[in-house]
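*Asks:* Structure of the sequence below:
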Amino acid sequence: MSGKKLSPLILVLIVLAVLVVIGGSWFVSTRNRLVSSQQDIEAAWAEIDNQLQRRFDLIPNLVETVKGYAAQEESIFTQIAEARSRMAGASGVEETAEAYNGMESALSRLLVVVEQYPDLKSNENFIRLQDELAGTENRIAVARKRYNDQVLIFNRAIIMFPANLVAGGLGLAKQDYFEIDNAARAAPKVEF
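*Replies:* Model prediction:
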């Protein structure tokens with residue numbers, strides 16, 4: 001071996017083998033990163049779902065407390081019941097966001113009604129439920145931000161070259177953000 005040169009064919013085969021190993025490693029690494037990012041989105045969505053369920057469970061108690069004081073406000077109670085039904089039947093990010101926005105709107109109207117009943121506002125059960133709901137809303141906001149951050153990371157990854165080649169081969173598509181509509185952003189109008 002001391003003095004023998006490698007034939008050009010063997011040298012080309014070695015270079016090709018190194019390139020295949022490097023390319024294969026890159027592909028596996030990119031695939032694993034994209035799949036991991038997709039799993040992060042699913043975990044973040046599960047947390048949103050968990051907090052929405054918590055909210056879903058609190059609302060009937062809040063409604064029952066308000067009903068005792070404001071029984072004549074039946075239309076709002078009906079709207080909340082309908083919004084809860086839509087929320088329960090929602091599947092996917094888009095439907096859930098729409099149901100969430102409907103629930104936000106109905107709850108805003110309920111809180112406007114509450115302002116008209118000073119005794120209700122000082123009721124211990126109502127205050128406790130309102131605090132629980134406010135805490136849940138904060139948890140939903142944090143979970144929604146985490147979810148949207150994960151979606152941003154994933155969507156960026158699958159459109160950037162060369163990872164988009166792997167994403168396309170795996171059939172990965174952009175994920176929807178969990179956004180609220182402009183009507184839900186507006187503060188409810190309270191009149192006395």
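*Asks:* which stretches of this structure have low pLDDT?
*Replies:* Across the chain, the ranges flagged by pLDDT under 70 are 1-3, 70-72, 121, 181-192.
*Asks:* quick one, strands of it?
*Replies:* For the chain, strands defined by DSSP state E do not occur.
*Asks:* just the helices in it please.
*Replies:* Using DSSP state H, the helices found in the chain span residues 8-67, 74-89, 92-115, 118-121, 124-159, 163-170, 182-185.
*Asks:* Mind giving me the packing neighbours of the first one?
*Replies:* This means helix 8-67. Secondary-structure packing of helix 8-67 (3 or more C-beta pairs under 8 Å, 6 or more residues apart in numbering; DSSP states H and E): helix 74-89, helix 92-115, helix 124-159, helix 163-170. From N, CA and C alone the C-beta is placed, and that goes for glycine too.
*Asks:* and it with helix 92-115, angle?
*Replies:* 20 degrees (axes from the mean of the first three to the mean of the last three C-alpha atoms, to 10 degrees).
*Asks:* Pull out the buried residues from stretch 125-133.
*Replies:* Phe126, Leu129, Gln130, Glu132, Leu133 (16 or more other C-beta atoms under 10 Å).
*Asks:* Contact partners for the second one?
*Replies:* Leu129 is in contact with Leu58, Asn61, Leu62, Thr65, counting by C-beta atoms under 8 Å, 6 or more residues apart in numbering.
*Asks:* Just the buried residues of those.
*Replies:* For the contacts of Leu129, a burial check counting by 16+ other C-beta under 10 Å picks out Leu58, Leu62, Thr65.
*Asks:* Out of the residues you listed, which is nearest to Val20?
*Replies:* Leu58 (57.2 Å; C-beta to C-beta).
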